[in-house]
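Need a 3D model of the following:
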Amino acid sequence: MTIETESRSALGELISTLQEIDTRWCSAEWNLHTTDDIAGAHRALMHILEASLVGFFEQDPAHPDFRRITTPSRKLTGDNSDAIYFDAPISAEHAYVIRGNLHGAAYFSLTVEEGTADGHMASGTAGILNDENMETDSNGNFTLYLGGPKKQCNWLALTPDASRLTTRHYFEQAAPVACDPDQEPRMHIECINAAGAPNPPTDASVASGIRRVCNVIRSRTLEMPPLANSEPPPFVSLTPNEFPAPVKPGSFGFAATDAHYSMAPYFLGPDEALVITGRWPDCRFANVCLWNRFQQTFDYRDRSVSLNRAQTVIDDQGRFRMVIAHEDPGLPNWLDTEGNPFGLVFWRMFLVEGDVATPTAEVVKVSELKS
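So this is what the prediction gives:
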């Protein structure tokens, strides 16, 4: 006889959600029309599922710990080859102390997100500390505080809807740091007003965890309309091969408020390349990444699919010329499409000083490049 439990009901909901995602999100309803499109959607779903299990299945704001959001084999929500991200659950009912190190990062920040307690996408950003407005010692060590009595520095208040914090370490090095285990920063978060040890798992707590997982995967699939079917934020262009002016994202959920963003799709035939010219701004960090339609970076372990300023060859005038192409054109600053005719090009620029030039792009024949 089957024993009916709340966790079993929640598991059934998760299975039904996965089936609905397969039927709808992995289909023409989301503009997916080929076997490769469907396989890509299933791969993205597995990455989202893994991230939801790692970050959301068992979480306790009274006893949080930092967990890495993305890795070279777990890609979602616009990951980055030059960054290492962590997050942890929090609650306005508690106060926290965080100890860590800049680890040589070109830029570090901690952002408080709202509306994520049940696994949903962040509804907004409720506060940020970065390495410019916080104190560190000569070795890059820091101690930060969230909630509780106001402190003179290194402190953020927690709004009633504060539910998660995200940390960002960005690096500008010759090789992608996201695939180098020696580059992974170490941080510790402690709830300073927790009342004793956490309760043992129960039927209700396991069911709640499964339902959070369900909400995570739903919010990042069925609740994300196809790119061409929704009104994009101002930093996103729907026109292939044409970048919008880089702008700050404001309080856009999960965005970094210190950054200027610009994103556009590329579309290239088998004998075409996209030549991009521009100039990096004066800033703390900047790079460009190639993503697939599911906002996953291409393979940065074995291919050149992103460029930061340390990796970019520039001319005597400080300008760059990048080439997005299916094969190596034998020129500097090649970005490898992995043979994908369609993808997304995403620019990030942190703590910009002065004007930001919009990169310009032109589709050319590969034969023209080689000649």
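
Okay, now the unreliable bits of the protein?
Along the chain, the parts satisfying pLDDT under 70 run over 228-229, 251-255, 371.

Would you map the helices across it?
For the chain, the helices defined by DSSP state H occupy 6-20, 35-52, 203-219, 366-370.

So which bits of the second one are buried?
The neighbour-count check on helix 35-52 (16 or more other CB atoms under 10 Å) flags 37, 40-41, 44-45, 47-49, 51-52 as buried. From N, CA and C alone the C-beta is placed, and that goes for glycine too.

quick one, what contacts the residue nearest to residue 62 when sequence neighbours are not counted?
For residue 62, ignoring the flanking residues on the chain, the nearest one in space by CB to CB, 6 or more residues apart in numbering is residue 194 at 4.4 Å. Listed by CB atoms under 8 Å, 6 or more residues apart in numbering, the contact set of residue 194 reads 62-63, 94.

and residue 92, how many neighbours?
Residue 92 has 18 neighbours, counted by other CB atoms under 10 Å.

so it touches residue 147, yeah?
Yes. Using CB atoms under 8 Å, residue 92 is in contact with residue 147, at 6.5 Å.

Any chance you could list residues touching both of the two?
In terms of CB under 8 Å, 6+ apart, residue 92 and residue 147 are both contacted by the residues 158, 162.

So of the buried residues of helix 35-52, which two are at opposite extremes in space?
In the buried residues of helix 35-52, the most distant members under the criterion CB to CB are 37 and 52, with 22.4 Å between them.

Count residues in the vicinity of the closest residue to residue 68 other than its chain neighbours, would you?
Of all residues not flanking residue 68 in the chain, residue 86 sits nearest, at 5.6 Å (CB to CB, 6+ apart). Neighbour count of residue 86, defined by other CB under 10 Å: 23.

For residue 144, see how far away residue 86 is.
Residue 86 is 13 Å from residue 144, where distance means CB to CB, to the nearest Å.

For burial, what's the neighbour tally of residue 101?
Using other CB under 10 Å, residue 101 is surrounded by 17 other residues.

hang on, I meant residue 277
The number of residues packed near residue 277 is 14, by other CB under 10 Å.

again with the one 3 residues further on
Neighbourhood size, residue 280 [other CB under 10 Å]: 21.

residue contacts, it?
Residue 280 touches 286, 309, 312, 314, 318, 320, 349, counting by CB under 8 Å, 6+ apart.

swap the cut-off to 10 Å and go again
286-288, 307-309, 312, 314, 318-320, 347, 349, 356-357, 359 (CB atoms under 10 Å, 6 or more residues apart in numbering).

about what we covered before: switch the buried residues of helix 35-52 over to JSON lines, and while doing so, append distance to residue 188 to every line.
Formatted as JSON lines, the buried residues of helix 35-52 follow (distance: CB to CB, whole Å):
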{"residue": "37", "distance to residue 188": "42"}
{"residue": "40", "distance to residue 188": "37"}
{"residue": "41", "distance to residue 188": "37"}
{"residue": "44", "distance to residue 188": "32"}
{"residue": "45", "distance to residue 188": "32"}
{"residue": "47", "distance to residue 188": "27"}
{"residue": "48", "distance to residue 188": "27"}
{"residue": "49", "distance to residue 188": "27"}
{"residue": "51", "distance to residue 188": "21"}
{"residue": "52", "distance to residue 188": "23"}
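
Now list the buried members of the contacts of residue 194.
In the contacts of residue 194, the ones that pass as buried (16+ other CB under 10 Å) are 62, 94.

now the contacts of residue 194 in TSV, with distance to residue 279?
Shown next, in TSV, are those (distance: CB to CB, whole Å):
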residue	distance to residue 279
62	48
63	48
94	45
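
Indicate which one of the helices of the chain is closest to residue 231.
Short answer: helix 203-219, nearest of these by CB to CB, at 18.1 Å.
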